[in-house]
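Visitor: Fold the following.
(one chain, ligands or ions: 1)
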Amino acid sequence: MRHTTADGPAIAARDVHRHFGSVRAVDGMNLTVPHGEVLALLGPNGAGKTSLLDTVLGFARPDAGTVSVCGTSPETAVRDGRVGAVLQTGGLLSDLSVRETLEMVAACHRAHVPVAEVMARADLDRIARRKVKKCSGGEQQRVRFGLALLTDPELLVLDEPTAGMDVTARRRFWSTMHAEADRGRTIVFATHYLPEAEEFADRIVLMHRGRVHADGTPDALREREGVHLSALPTSETTPSRLAERLDLAWDDVDLRDGRLAIRVRTGDGLSAGARADAVARTLLVDGLGQDLEITRASLDDVFLALTDQTRTAEPTPEEAVA
Ligand SMILES: Nc1ncnc2c1ncn2[C@@H]1O[C@H](COP(=O)(O)OP(=O)(O)OP(=O)(O)O)[C@@H](O)[C@H]1O
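Guide: Model prediction:
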């Protein structure tokens, strides 16, 4: 694979805007993806993930701001075969076999990786002679993945690549992608499957209303959401008094179904885990609670916190135009 770190990052998006009428699908997005990174783009429906990726793939130009890919324009990077994409729909001729599909597309490129090598890497040998129309949804995604590998791209962009795949197909797909990432390829994928992002990505960018809402490693994002403690209260004290006693924000202590629900975040130079230990100690030693359960926030919690905010904040772009 060509290593072109000197050309600049794999993706540099600066203050990118894309508007559809009054809908601000991408609303001042900044994103730098270094070569070799595996980045997951998460966000609720309508967050602007596809609209952003379309500008990276040169399908659409931003209304404002700039996007560069491997140090050049997205159109040039795509034309030079430096970017491969696995999108959810389109691009396959149903009457060709899997091998014929790859051979036909390979013939359209000035230079390409040998088809046999791509077939092996995309795990397509077993279905080489199968007509595309007979392939399952997951197999067709693997064909698209094979097509994306033909030009030995530096950057792979995947928009919900495993949508519709069963657990086994998904596992196979990601093990193939792991091998590609190990070769130093940059991978950017949008997904709704949080465990995939958690397991596979070096970094997660959480998009919300066309902007970066959170950006960090899976661990850092969970740390940001904190640690959850649940306990049976042993005193009559109110959540707000307890919050004061435990030195926590009022809205981080609640009473739910007869149990104290406490959220502890990073603060005062301490990690959420260290602060949660102190809170647990106070609860037990001072006899304020018993039957303690402590859990680290999951990415689901991070995502739900975001969608909770969405419900209470201004309307989504869809709601605004409805
Ligand atoms: N061609 C278009 N015309 C009008 N509005 C559009 C168009 N494409 C996207 N939008 C709107 O822009 C917003 C962002 O859509 P986008 O598809 O980028 O979100 P997404 O994060 O990819 O969503 P999902 O997770 O549902 O795929 C949405 O409100 C959508 O309705």
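Visitor: The one helix or strand Ala220 maps to packs against which elements?
Guide: Applying DSSP states H and E as the criterion places Ala220 in helix 218-225. Secondary-structure packing of helix 218-225 (3 or more Cβ pairs under 8 Å, 6 or more residues apart in numbering; DSSP states H and E): strand 203-208, strand 211-216, helix 299-312. C-beta coordinates here come from the backbone N, C-alpha and C atoms, glycine included.
Visitor: try 6 Å
Guide: Contact partners of helix 218-225 among helices and strands, from 3 or more Cβ pairs under 6 Å, 6 or more residues apart in numbering; DSSP states H and E: helix 299-312.
Visitor: sorry, back to before: could you list the buried residues of the helix holding Ala220?
Guide: 218, 221-225 (16 or more other Cβ atoms under 10 Å).
Visitor: Turn these into TSV, columns for distance to the ligand and pLDDT.
Guide: Converted to TSV, those look like this (distance: Cβ to the nearest ligand atom, whole Å; pLDDT from 0 to 100):
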residue	distance to the ligand	pLDDT
Pro218	19	90
Leu221	18	87
Arg222	22	85
Glu223	25	84
Arg224	21	82
Glu225	21	82
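Visitor: ends of stretch 43-51, how far apart?
Guide: As for stretch 43-51, its first-to-last residue distance stands at 12 Å under the measure Cα to Cα, to the nearest Å.
Visitor: how big is the angle separating the helix holding Ala220 from strand 203-208?
Guide: Here helix 218-225 runs at an angle of 50 degrees relative to strand 203-208 (axes from the mean of the first three to the mean of the last three Cα atoms, to 10 degrees).
Visitor: Just checking, which helix or strand succeeds helix 218-225 along the chain?
Guide: Next in sequence after helix 218-225, counting helices and strands by DSSP H and E, comes strand 227-233.
Visitor: and that next one, which strands flank it?
Guide: Using DSSP bridges, the strands paired with strand 227-233 are strand 259-264 (antiparallel), strand 289-296 (antiparallel).
Visitor: Quick one, which of those strands gets closest to Gly273.
Guide: strand 289-296 (7.5 Å; Cβ to Cβ).
Visitor: who's in contact with the closest one?
Guide: Here strand 289-296 makes contact (Cβ atoms under 6 Å, 6 or more residues apart in numbering) with 222, 227-234, 260, 280, 283.
Visitor: which one among these gets closest to the ligand?
Guide: The ligand lies nearest to Arg222 out of the contacts of strand 289-296, by Cβ to the nearest ligand atom, at 21.5 Å.
Visitor: ok, the closest one - contacts?
Guide: Contact analysis of Arg222 by Cβ under 6 Å, 6+ apart lists 296-297.
Visitor: I'd like the distance from it to Thr266, if you could.
Guide: Look at Arg222 and Thr266: by Cβ to Cβ, to the nearest Å, they are 11 Å apart.
Visitor: hmm, back to that, which of the strands paired with strand 227-233 sits most buried?
Guide: Sort those by mean neighbour count, taking mean count of other Cβ atoms under 10 Å, and strand 259-264 sits at the top with a mean of 21.
Visitor: what's the following helix or strand after that one?
Guide: Next along the chain from strand 259-264, counting by DSSP H and E, comes helix 272-285.
Visitor: Report the angle between that next one and strand 227-233.
Guide: Going by the same axes, to 10 degrees, helix 272-285 makes 10 degrees with strand 227-233.
Visitor: How far away from the center of its chain is helix 272-285?
Guide: Taking Cα atoms, centre = their mean, to the nearest Å, the mean C-alpha location of helix 272-285 is offset from the chain mean by 32 Å.
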